[in-house]
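K.L.:
Test case, fold it:
(one chain, ligands or ions: 2)
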Amino acid sequence: MDPKDFSLEGKVAWVTGASYGIGFGIASAYAKMGAKIVFNDLHEDKVALGIESYKKLGIDAYGFACDVTKEEEVKAAVEKIIAKFGRIDILVNNAGIIKRIPMTEMSASDFRAVVDVDLNAPFICAKTVIPHMIKQGHGKIINICSMMSELGRETVSAYAAAKGGLKMLTKNIASEYGEYNIQCNGIGPGYIATPQTAPLRERQPDGSRHPFDAFIVAKTPAGRWGTPEDLQGPAVFLASDASNFVNGHILYVDGGILAYIGKQPQ
Ligand code: NAP
Ligand code: GCO
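P.N.:
Residues are numbered from 1 along each chain as shown. Ligands and ions are numbered 1, 2, ... in the order given. All right, here's what the predicted structure looks like:
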């Protein structure tokens with residue numbers, strides 16, 4: 001093995017929904033490893049914020065507004081990236097939403113909206129990028145799954161269904177396109193401190209911790225919430241030549257929570 005196998009020097013990486021949060025953490029790590037960074041967000045103002053945040057890290061990221069659920073917008077985005085960089089070596093399907101609503105109270109349109117972003121969009125982005133990866137003879141697709149690709153809990157039926165589907169889409173892309181030297185894997189983050197989970201960590205009116213916050217810390221052997229930085233090493237590995245024989249795998253980066261039955265109540 002050559003340490004250069006972990007380098008991303010000269011690679012072009014598109015991370016969706018990466019103005020902040022997990023996507024921003026992953027893209028920043030890719031830049032540190034030598035990749036050129038492309039990212040999108042839903043709205044121009046968030047893209048501008050993202051560009052500034054990357055600049056503060058010395059990263060000259062190419063950002064644009066694109067709704068990843070809209071096939072025409074994704075096609076136009078890929079054409080823009082290919083026109084500017086001539087290639088897309090790495091696609092990270094990171095953009096995602098969650099709606100925490102008890103299933104029987106959830107509207108079909110809310111359910112569809114979550115599945116649209118968390119499952120249909122990764123399909124659209126991957127199917128648009130794969131022909132270019134086939135042409136260039138290699139590619140890496142990394143889908144940001146979730147512990148909810150394996151487990152359910154109250155109020156997250158749409159999200160769990162989408163992330164469970166994303167796990168199987170990952171395996172299917174690996175199966176269908178592995179022969180073109182395209183590796184498709186997933187990262188399954190545990191509970192990560194980002195805007196998406198902020199409602200689960202809010203201080204209570206009496207200043208105490210949110211019950212869910214205390215619950216997750218107790219359920220996680222590492223005894224803490226994860227951070228986007230915890231995902232950077234695994235994401236670099238799956239984007240690099242060091243993982244060229246890893247395909248169809250979901251790498252859970254969760255502090256051990258999926259392995260742990262939980263502490264005996266005192
Ligand atoms: P976040 O803070 O909510 O950020 C999500 C990003 O996706 C935002 O930049 C958002 O843009 C963008 N986005 C949403 N819908 C989009 C669309 N239709 N088109 C383009 N961009 C869109 O989420 P996060 O915590 O960083 O999570 C990132 C990914 O990791 C998600 O797939 C999430 O499901 C997954 N995940 C998160 C955790 C966790 O604990 N945080 C754990 C496991 C998996 P706007 O800002 O414009 O809305
Ligand atoms: C929730 C959380 C989780 C995390 C993550 C866990 O409400 O349970 O939002 O779903 O986002 O997906 O891996």
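K.L.:
hang on, isn't residue 139 packed against residue 90?
P.N.:
Yes: judged on Cβ atoms under 8 Å, residue 139 makes contact with residue 90 at a distance of 7.5 Å. Every residue, glycine included, has its C-beta placed from N, CA and C.
K.L.:
Looking at these two, which one has more neighbours?
P.N.:
Taking other Cβ atoms under 10 Å, residue 139 and residue 90 do not tie; residue 90 has more neighbours (28 against 24).
K.L.:
for the closest residue to the more buried one other than its chain neighbours, helix, strand, or coil?
P.N.:
Spatial nearest neighbour of residue 90, chain neighbours left out: residue 13 (4.0 Å); criterion: Cβ to Cβ, 6 or more residues apart in numbering. Assigned with DSSP: H, G, I helix; E, B strand; the rest coil, residue 13 falls in the strand class.
K.L.:
could you list every residue that touches residue 13?
P.N.:
For residue 13, the contact set (Cβ atoms under 8 Å, 6 or more residues apart in numbering) comprises 27, 30, 35, 36, 37, 38, 88, 89, 90, 91, 92, 239.
K.L.:
wait, which of those is closest to residue 169?
P.N.:
residue 91 (12.8 Å; Cβ to Cβ).
K.L.:
What is the burial count for residue 38?
P.N.:
When neighbours are counted by other Cβ under 10 Å, residue 38 comes out with 25.
K.L.:
Then residue 184 would be within a helix, right?
P.N.:
No: under three-state DSSP, residue 184 sits outside any helix and is assigned strand.
K.L.:
Contact residues of the chain facing ligand 1?
P.N.:
16-17, 19-23, 40-43, 46, 67-69, 94-97, 117, 144, 146, 189, 191-192, 194-197 (Cβ under 6 Å from any ligand atom).
K.L.:
The same query, at a cut-off of 5 Å, please.
P.N.:
Within reach of ligand 1 by Cβ under 5 Å from any ligand atom, the chain has these residues: 17, 19, 21-22, 41-43, 46, 67-69, 94-96, 117, 144, 146, 189, 191-192, 194-197.
K.L.:
Buried only: go through the residues you listed for me.
P.N.:
Buried members of these, counted by 16 or more other Cβ atoms under 10 Å: 17, 19, 21-22, 41-42, 46, 67-69, 94-96, 117, 144, 146, 189, 191-192, 194, 197.
K.L.:
Keep only those of these that are in strands.
P.N.:
41, 144, 189 (DSSP state E).
K.L.:
Okay, and the beta partners of residue 253?
P.N.:
Residues in a beta bridge with residue 253, per DSSP bridges, are residue 189.
K.L.:
In terms of pLDDT, where does it sit?
P.N.:
pLDDT for residue 253: 98.
K.L.:
again with residue 263
P.N.:
85.
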